[in-house]
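Asker: Fold the stuff below for me.
(chains A and B, ligands or ions: 3)
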Amino acid sequence: MIDTRKNESVFVSGDEAVALGVRLSRPQVISAYPITPQTIVVERLSEMVEDGSLDAKYIHVESEHSAMSAAMGASSVGARAFTATSSQGLLYMAEGLHYASGGRMPIVMMNANRSLALPWSIFGDHRDSMSMLDSGWIQVYVEDAQEALDMTIQAYRIAEDPSVLTPFMINLDGFILTHTYELVEVPRQKEVDSYLPPFSTPNKMSLETPKSMGFSTSPADNMEFKYQQHKAMMDSMEVIKKADKEFSEMFGRSYHGLVDCYQCDDAEYILVTAGSVTGTARVAVDTMRIKGIKAGVLKLRFMRPFPEQEIRNILSGAVSYGVLDKDISFGYEGTMFTNVNSALSGSKNFPRGMNFVGGLGGRDISVQDIEEMFIALQKCPDNAYGDYIKSRVSFVNMGVNINE
Amino acid sequence: MSSNRITVKNMTDKEYFLGHKACAGCGGSLAVRLALKVFGDRTFAALPAGCMSAVGFIYPQMAFLNNAIISTFPGTGSMLSGMRAGLDALGVKDAHVVGFAGDGGTADIGLQALSGAIDRREKIIYICYDNEAYMNTGVQKSGLTPYGARTTTSPAGNNLPGSVMQKKNLFEIVAAHDIAYAATASVGYPQDYLNKLSKAAAVEGTSYIHIYATCPTGWGTPTETSVSLAKEAVDSGLWYLAEYEDGAFTLNRKPKEFFPVKEHLLKQGRFKHLKDSDIKVIEEARDKKWKRMLEKWN
Ligand SMILES: Cc1ncc(C[n+]2csc(CCOP(=O)(O)OP(=O)(O)O)c2C)c(N)n1
Ligand code: SF4
Ligand SMILES: [Mg+2]
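Answerer: Ligands and ions are numbered 1, 2, ... in the order given. Coordinates of the predicted model:
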């Protein structure tokens, strides 16, 4: 068992790192339903509750819809709640996602990014969480197990901030992160306790001040609630940066707020990534740099709130940029690409961008694949506009010829 | 029954559900109102989408004086579990966690969450007010709509007599979980309901009350007959008052002679079209059920 009184490094999977982060965050209610590749998180948490190292109620719900519903019930009386899911489970709780954010319930959820049926696939891509982008949840995509643990603690800090009160989804690439073992530093409980105070909110039912919650509104009032929800999400950007800063002061690790850059300062060709593939992209940048090609990576950490300003600042200086999406909005392009383009549309210099759709259903993305993306980005600005538009969206590592 | 039992005469004057926008003569609102008078201030209620939440939570006019929240339509049982777990974690004791859900929200879309909640044996009280259709969305057929009832999705015409299905046997489905306490009730028998509410409040573990609740708007009945019709439904044997405790069923009321089914049904717009042959189907189903109940239950 891990001793959380001292700083300890442990060799754990991403799922286990999340479980450790959850325990350090002292949730009072955990409700979850199993789905690969999330299961290890809830198995570890139930063990922690059993052995007494986590003082929480573990509710065995009969579905993901109920996992979210129970988490909302707990949150509505002022208890700190945690749940975890993936893929089909995330979709099954879709109603609850909008409900929790509309009700301003700062629930934290881990989502193991996994493909969506059909065809069935237990392997990773981002189509599950991207399809829930508009559900009003803060969405972070982590790169490794350490970030997963650290963001679990930060998630509560950010979500429960009185100016935010918005639920928080931590996304881990299925298998690539959830099941890969890494050395992870586990912060001390005492320090986490001072970083993350107990949950307190005015937005709850209590015997002292009885309330009606989850009410309905007429068209005369609804928009104001939705505006407040949007404003809270926008305001969370500063809270996220502050949480990161204070975290680094206390624990010595910073993730640089909404985005993280690798070699972007002088980069001519920048690839935008999210999640675990960022590590691969960092290696590809190194090899490109050796070849004299000025490559860089922009790691998009948060998809909501969306770091529009940061993206515009960083990408508008590039010659061209690519967006690597583990997602496709059928009939158009990758969701990250659409969002990045929208951020850039406000800038004077709008470089050409290319969308690389890859990793669907767990297909591997190699260093070489990413090197080829940078080579494509080098050619991109020279293309005639018509050719560019035609080749703007491409599929990485396809087993069939495209357009045949 | 002990002498300090709650009766219509001695119950609190305090109202917990008032100023709501339910139709005049709404049986569901009566069921909620009476229950809260028994449960009192220390009540945390969850109500799914349905008439009672629709009429009670219209911002900024909240109709509940106790804590109350609208749950998702399918998620009442699990939200109640979460509320109970949260209250336990926060050290809030002696509070009632109560659900008020319609027949659709209980027997159909909410059945999975209800089953999960009962399975967890938590101390929650779940009250299903059964108005025998999806009223809030405009009187569509639910799993608890009885045979022959005309609804907007089970129209009566030359080919069909309205709903062709019998009511789902929800009380026994709930009892089959070996729940700590389950009962049926009717807004036509308020004292019986009050007794059962008190029992549910006192029981350790999960309890469930299924109350027959008239709906003048959906049934096509005069508002002033809501209570008498709900009584008549029991007297005619189309509904029954029963309890499930410690693995045994008890029938609380055994009419010596049934009130005539035809007379009872034809007072309701939703049954006006019924032919004698349809009434016969209904009576036969009733008799079969009663035969079984009288044989097997106390
Ligand atoms: C997931 C979902 N499906 C459908 C609805 C629409 N809906 C809201 S209330 C309702 C009817 C409720 O019927 P019942 O539970 O019997 O309660 P009543 O309105 O009769 O009181 C329906 C179908 C919804 N809110 N959520
Ligand atoms: S429609 Fe029926 S259940 Fe709904 S408020 Fe009116 S009387 Fe009550
Ligand atoms: Mg109904």
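Asker: ranges for the helices of the stretch 1-150 of chain B?
Answerer: B:27-39, B:51-56, B:76-89, B:103, B:111-119 (DSSP state H, counting those that start in this stretch).
Asker: The stretch 1-150 of chain A against chain B: which residues are in contact?
Answerer: Counting by C-beta under 8 Å from any C-beta of the partner chain, the stretch 1-150 of chain A comes close to chain B at A:28-29, A:31, A:56-57, A:59-63, A:65-79, A:81, A:95-96, A:99. Using the backbone N, CA and C atoms, a C-beta is placed for each residue, glycine as well.
Asker: among these, which are in strands?
Answerer: Those of those mapping onto strands are A:29, A:31, A:57, A:59, A:60, A:81, per DSSP state E.
Asker: just the buried members of those residues?
Answerer: A:29, A:31, A:57, A:59, A:60, A:81 (16 or more other C-beta atoms under 10 Å in any protein chain shown).
Asker: what's the closest of the helices of the stretch 1-150 of chain B to residue A:144?
Answerer: Closest approach to residue A:144 among the helices of the stretch 1-150 of chain B is made by helix B:76-89 (31.7 Å; C-beta to C-beta).
Asker: same for that closest one, what does it pack against?
Answerer: strand A:29-32, strand A:57-60, helix A:64-76, strand B:43-48, strand B:67-71, strand B:96-102, helix B:111-119, strand B:125-130 (3 or more C-beta pairs under 8 Å, 6 or more residues apart in numbering or on different chains; DSSP states H and E).
Asker: so which of those gets nearest ligand 1?
Answerer: strand B:96-102 (2.1 Å; C-beta to the nearest ligand atom).
Asker: Now narrow the residues of the stretch 1-150 of chain A next to chain B to whatever sits close to ligand 1.
Answerer: Among these, the ones lying near ligand 1 by C-beta under 6 Å from any ligand atom are residue A:95.
Asker: need the residues of chain B near ligand 1, please.
Answerer: Near ligand 1, when you scan chain B using C-beta under 6 Å from any ligand atom, you find B:28, B:49-52, B:73-74, B:102-105, B:131, B:134-137, B:142.
Asker: Need the per-residue pLDDT for residue 105.
Answerer: No chain specified, so I'll use chain A. Listed pLDDT for residue A:105 reads 98.
Asker: Chain B is the one I meant
Answerer: For residue B:105, pLDDT reads 98.
Asker: pretty sure it is in contact with residue B:49, am I right?
Answerer: Yes: counting by C-beta atoms under 8 Å, residue B:105 touches residue B:49, with 7.0 Å between them.
Asker: which residues are common contacts for these two?
Answerer: Counting by C-beta atoms under 8 Å, 6 or more residues apart in numbering or on different chains, the common neighbours of residue B:105 and residue B:49 are residue B:73.
Asker: neighbours around residue A:98, how many?
Answerer: The number of residues packed near residue A:98 is 16, by other C-beta atoms under 10 Å in any protein chain shown.
Asker: now residue A:389
Answerer: Residue A:389 has 11 neighbours, counted by other C-beta under 10 Å.
Asker: quick one, helices of the stretch 151-298 of chain B?
Answerer: Under DSSP H, counting those that start in this stretch, the stretch 151-298 of chain B gives helices at B:170-175, B:190-202, B:216-219, B:226-235, B:261-265, B:276-296.
Asker: rewinding a little: any chance of the helices and strands packed on helix B:76-89 in a markdown table, with mean pLDDT and distance to ligand 2 too?
Answerer: Converted to a markdown table, those look like this (pLDDT from 0 to 100; distance: least, C-beta to the nearest ligand atom, whole Å):
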| stretch | mean pLDDT | distance to ligand 2 |
| --- | --- | --- |
| strand A:29-32 | 98 | 31 |
| strand A:57-60 | 98 | 31 |
| helix A:64-76 | 98 | 23 |
| strand B:43-48 | 98 | 12 |
| strand B:67-71 | 98 | 15 |
| strand B:96-102 | 98 | 8 |
| helix B:111-119 | 98 | 20 |
| strand B:125-130 | 98 | 8 |
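Asker: Would you reformat the ones you listed as TSV and include distance to ligand 3?
Answerer: Conversion of the helices and strands packed on helix B:76-89 to TSV gives the following (distance: least, C-beta to the ion, whole Å):
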stretch	distance to ligand 3
strand A:29-32	27
strand A:57-60	28
helix A:64-76	20
strand B:43-48	11
strand B:67-71	15
strand B:96-102	4
helix B:111-119	14
strand B:125-130	7
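Asker: What sits closest to residue A:185 if chain neighbours are left out?
Answerer: In space, and not counting its chain neighbours, residue A:185 is closest to residue A:9: 5.1 Å by C-beta to C-beta, 6 or more residues apart in numbering or on different chains.
Asker: My guess is that neighbour contacts residue A:186. True?
Answerer: Yes: with contact defined as C-beta under 8 Å, residue A:9 reaches residue A:186; the gap is 7.3 Å.
Asker: The two - which one has more neighbours?
Answerer: Under the criterion of other C-beta under 10 Å, the comparison of residue A:9 against residue A:186 puts residue A:186 first, with 22 against 11.
Asker: Look up phi and psi at the nearest residue to that one once chain neighbours are set aside.
Answerer: Nearest residue to residue A:186 in three dimensions, chain neighbours excluded: residue A:8, at 5.1 Å (C-beta to C-beta, 6+ apart). Here the main-chain torsion angles of residue A:8 (degrees, to the nearest 10) amount to phi -130, psi 150.
Asker: Return the distance of residue A:8 relative to residue A:195.
Answerer: 17 Å (C-beta to C-beta, to the nearest Å).
Asker: Between the two, which is the more surrounded one?
Answerer: Set side by side, residue A:8 and residue A:195 show more neighbours around residue A:195, with 20 against 14, by other C-beta under 10 Å.
Asker: Which residues of chain A lie near ligand 1?
Answerer: residue A:95.
Asker: And the residue of chain A closest to ligand 1?
Answerer: Nearest residue of chain A to ligand 1, counting by C-beta to the nearest ligand atom: residue A:95, 6.0 Å away.
Asker: For that residue, which non-adjacent residue is spatially closest?
Answerer: residue B:72 (5.4 Å).
Asker: Got the phi and psi for the one you found?
Answerer: Torsion angles, degrees, to the nearest 10, at residue B:72: phi -60, psi 160.
Asker: Enumerate every residue touching it.
Answerer: Residue B:72 makes contact with A:65, A:69, A:95, A:96, A:99, B:48, B:49, B:79 under the criterion C-beta under 8 Å, 6+ apart.
Asker: Neighbours of the fourth one, how many?
Answerer: Taking other C-beta under 10 Å as the neighbour definition, residue A:96 ends up with a count of 31.
Asker: Quick one: residues contacting it.
Answerer: Neighbours of residue A:96 in contact, by C-beta under 8 Å, 6+ apart: A:65, A:68, A:69, A:71, A:72, B:72, B:75.
Asker: change it to 6 Å
Answerer: Residue A:96 makes contact with A:68, A:69 under the criterion C-beta atoms under 6 Å, 6 or more residues apart in numbering or on different chains.
Asker: What pLDDT does the model give it?
Answerer: 98.
Asker: Next one: residue B:268 from ligand 2, what distance?
Answerer: 13 Å (C-beta to the nearest ligand atom, to the nearest Å).
Asker: In contact with residue B:12, which residues?
Answerer: By C-beta under 6 Å, 6+ apart, residue B:12 lies in contact with residue B:37.
Asker: Need the nearest residue in space to residue 160, chain neighbours excluded.
Answerer: Picking chain A for this. Per C-beta to C-beta, 6+ apart, closest to residue A:160 is residue A:106, 4.5 Å.
Asker: Hmm, no, I was thinking of chain B.
Answerer: residue B:154 (7.2 Å).
Asker: partner residues bridging the residue in chain A that ligand 2 sits nearest to?
Answerer: Closest contact between chain A and ligand 2, by C-beta to the nearest ligand atom, is at residue A:216 (14.1 Å). For residue A:216, the beta-bridge assignment (DSSP bridges) gives partners residue B:58.
Asker: How confident is the prediction for it, by pLDDT?
Answerer: 97.
Asker: Distance check, residue A:36 against residue A:112.
Answerer: From residue A:36 over to residue A:112 (counting by C-beta to C-beta), the distance is 8 Å.
Asker: Compare these two (neighbour count), which wins?
Answerer: Comparing residue A:36 with residue A:112 by other C-beta under 10 Å, the one with more neighbours is residue A:112, at 33 against 17.
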